[in-house]
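[1] Build me a model from this:
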Amino acid sequence: ESQDGDGDGNAPMSGDLLILAEELETALETERRKQASINGKHSYHILSTKALKVLAEMAARSAPRLPTLDEMKKISGVGHRVVAKYGEFFRQAMHKVMVEKRLCEPDPGLMPPPSPEPTRSPPNENGWVDVSRPVHQQQNQ
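    Numbers count the residues shown, from 1 in each chain. Below you'll find the model as predicted:
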């Protein structure tokens with residue numbers, strides 16, 4: 001049995017499947033950066049690069065069906081907390097790629113949840129808000 005190097009026992013991907021996996025990986029990376037920015041974290045604290053790649057390959061192999069949240073939890077490095085906080089954002093990013101590739105119809109249930117409003121510091125005595133630094137840095141002065 002051939003392996004693709006990540007120890008999951010799946011055959012190496014090629015052709016259209018490989019292209020789809022790469023496009024899914026790009027979409028997941030973009031979503032990971034977005035979530036990292038929103039949450040004031042480094043991208044790798046949201047999801048490791050290896051876990052992101054495994055998720056993209058899992059989605060490509062199951063297309064047009066998206067991996068479930070329970071399936072995502074089985075990926076090494078993807079725990080309950082990651083899935084609870086970011087799972088639906090990643091599913092939406094993958095769904096968007098599959099819709100664009102015409103692998104499935106848009107699913108209203110996979111519309112992106114509303115993004116949290118950015119946290120802003122209260123205005124200073126002059127009524128100005130300093131948006132150049134995160135709130136936690138402003139409060140520690």
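[2] C-alpha from now on. contacts and neighbour counts both.
    Will do.
[3] Low-confidence stretches in the protein?
    Counting by pLDDT under 70, the chain contains low-confidence residues at 1-9, 111-124, 127, 129-141.
[4] what secondary structure does the most centrally placed residue in it sit in?
    For the chain, the residue lying nearest the average C-alpha position, counting by Cα atoms, centre = their mean, turns out to be F90 (3.7 Å). When states are read from DSSP: H, G, I helix; E, B strand; the rest coil, the local structure at F90 comes out as helix.
[5] for the residue nearest to F90 when sequence neighbours are not counted, what are its contacts?
    Nearest residue to F90, sequence neighbours excluded (Cα to Cα, 6 or more residues apart in numbering): L28, at 6.1 Å. L28 makes contact with 52, 56, 90, 93-94, according to Cα atoms under 8 Å, 6 or more residues apart in numbering.
[6] which of those residues tops the neighbour count?
    M94 (29 neighbours; other Cα atoms under 10 Å).
[7] can you pull the contacts of that residue?
    Taking Cα under 8 Å, 6+ apart as the definition of contact, the neighbours of M94 are 24, 27-28, 59, 66.
[8] Let's see that with 6 Å instead.
    Remark: with contacts taken as Cα atoms under 6 Å, 6 or more residues apart in numbering, M94 is in contact with L24.
[9] any idea which helix or strand carries it?
    Element membership of M94, judged by DSSP states H and E, is helix 80-100.
[10] Next, the buried residues of that helix.
    By neighbour count on 16 or more other Cα atoms under 10 Å, the buried set for helix 80-100 is 83, 86-98.
[11] Same question for stretch 102-110.
    When burial is assessed from 16+ other Cα under 10 Å, stretch 102-110 yields no buried residues.
[12] distance between the ends of that stretch?
    Taking Cα to Cα, to the nearest Å, the first and last residues of stretch 102-110 lie 16 Å apart.
[13] which residues sit against it?
    Outside of stretch 102-110, the residues that reach it under the criterion Cα under 6 Å, 6+ apart are 64, 92, 99.
[14] from the chain's centre, how far out does that stretch sit?
    When distances are taken as Cα atoms, centre = their mean, to the nearest Å, stretch 102-110 is centred 17 Å away from the chain's centroid.
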